[in-house]
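Colleague: Whatever this is, show me its structure:
(chains A and B)
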Amino acid sequence: NAGVTQTPKFRILKIGQSMTLQCAQDMNHNYMYWYRQDPGMGLKLIYYSVGAGITDKGEVPNGYNVSRSTTEDFPLRLELAAPSQTSVYFCASSYSSGGASEQFFGPGTRLTVL
Amino acid sequence: KNEVEQSPQNLTAQEGEFITINCSYSVGISALHWLQQHPGGGIVSLFMLSSGKKKHGRLIATINIQEKHSSLHITASHPRDSAVYICAVCRGATNKLIFGTGTLLAVQP
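Modeller: Numbers count the residues shown, from 1 in each chain, chains lettered A, B, ... in the order given. Just a heads-up that it's a prediction; the model follows:
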């Protein structure tokens, strides 16, 4: 099993450009999450999904969009990139029947917006 | 005030020392996670616990629900333990996590 995979690993964007960060998992997990990690700050939840076709906002959703058309994939879309979106982005997944369960993280995408 | 506080923020230890990292939280939780992140690397789950104590190799995690406090202990520390250790608490049925800012541990040979 590959676990949680993310592409690309690194990306530099110009202000105003858009891009999609890809995330896929092969563990048949229902729950998937997008986080951003800024220096000196804890990870912050951007969006999450509890199953195909169901997504919801986290703490910091502004400037981002997500979709979940399949159980495996959970892409994160940045529209009109801004320097404040410079960060490391982590995708995670978990199997949960409604209680707490371990989250499995992808390797991260380091994004710089100039 | 952050809902999850970790201490210390930075810790330097000599190889072989016993290490303790603390995590305090201010909200009701269903579980608490300890995660490890190596420099430039991904994030790995070490423990998830909702009561008592768990042990895996040289790592021990404890939680006191009444006092809203958890500790991560590393026995016989080794340079390969050098990493950021992150505490996160789980709230609600959607398994959403609230993260501490992490403790940067450096173990010197």
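
Colleague: roughly how far is the lowest-mean-pLDDT helix or strand in chain B from the heart of the chain?
Modeller: Lowest on mean pLDDT, DSSP states H and E among the helices and strands of chain B sits strand B:96-99, with a mean of 89. In terms of Cα atoms, centre = their mean, to the nearest Å, the centre of strand B:96-99 is set 13 Å apart from its chain centre.

Colleague: For that strand, name the packing helices and strands.
Modeller: Where contact means 3 or more Cβ pairs under 8 Å, 6 or more residues apart in numbering or on different chains; DSSP states H and E, strand B:96-99 is packed against strand A:44-51, strand B:83-91. C-beta here means a position set from N, CA and C on the backbone, and glycine is covered the same way.

Colleague: Including distance to B:T62, could those strands go into TSV?
Modeller: Putting the helices and strands packed on strand B:96-99 into TSV (distance: least, Cβ to Cβ, whole Å) gives the following:
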stretch	distance to B:T62
strand A:44-51	26
strand B:83-91	12
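
Colleague: if you compare these, which one is most tucked away?
Modeller: strand B:83-91 (a mean of 23; mean count of other Cβ atoms under 10 Å in any protein chain shown).

Colleague: So which residue is smack in the middle of chain A?
Modeller: For chain A, the residue sitting closest to the mean C-alpha position, by Cα atoms, centre = their mean, is A:W34 at 2.8 Å.

Colleague: contacting residues around the closest residue to that one other than its chain neighbours?
Modeller: The spatial neighbour of A:W34 that comes closest, neighbours along the chain excluded (Cβ to Cβ, 6 or more residues apart in numbering or on different chains), is A:I46 at 4.4 Å. Counting by Cβ atoms under 8 Å, 6 or more residues apart in numbering or on different chains, A:I46 touches A:W34, A:Y35, A:R36, A:G58, A:E59, A:V60, A:P61, A:Y64, A:V66, A:L76, A:Y89.
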